[in-house]
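Asker: Okay, here's the prediction I keep looking at, along with the sequence it came from:
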Amino acid sequence: MKNIGSLAGSEVVQLYISDLEATIKRPLKELKGFKKLHLGPGEHKETTFEVDKYAISYYDEDRASWIAEAGRFVVELGTSSSDIRCKANFELSATYWWTGL
């Protein structure tokens, strides 16, 4: 993010994940994280997000466990769900389950 103005400001960067091959109906975009960046005049900042098993999983009530299904996913970053600034794809090669948090 870069503040191109002459005054200090803030911007919220939001992380969205889309599961392109889910076997159940999931939201088109799921908000999985956000960070607020404070920027001085002309200041540029970078931030990072970790996409872990919690970001790509859902709870399977039939198995009473969490599941991360193999398949294709999209990661999107923006200031809102309708203002996406960058996008990337990744693939999870195997399905796995776990219990607990």
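Answerer: Yep, that arrived.

Asker: mind listing what the residue nearest to Ser93 when sequence neighbours are not counted touches?
Answerer: In space, and not counting its chain neighbours, Ser93 is closest to Ala70: 6.1 Å by CB to CB, 6 or more residues apart in numbering. Using the backbone N, CA and C atoms, a C-beta is placed for each residue, glycine as well. Going by CB atoms under 8 Å, 6 or more residues apart in numbering, Ala70 touches 21, 91-95.

Asker: and what of Tyr59?
Answerer: Here Tyr59 is in contact with 65-67 (CB under 8 Å, 6+ apart).

Asker: From these, pick the one nearest Lys25.
Answerer: Minimum distance to Lys25 across the contacts of Tyr59 is 14.4 Å, recorded for Ile67 (CB to CB).

Asker: quick one: the closest one and Thr95 touch, right?
Answerer: Yes. With contact defined as CB atoms under 8 Å, Ile67 reaches Thr95; the gap is 6.7 Å.

Asker: Work out for me the element Tyr54 sits within.
Answerer: Using DSSP states H and E, Tyr54 maps to helix 53-56.

Asker: Output the contacting helices and strands for that helix.
Answerer: If you count contacts as 3 or more CB pairs under 8 Å, 6 or more residues apart in numbering; DSSP states H and E, helix 53-56 packs onto strand 9-19, strand 30-39, strand 65-68.

Asker: Give the pairing partners of whichever helix or strand comes after it; include direction for each.
Answerer: Remark: after helix 53-56, the chain's next helix or strand is strand 58-60, criterion DSSP H and E. Using DSSP bridges, the strands paired with strand 58-60 in its sheet are strand 65-68 (antiparallel).
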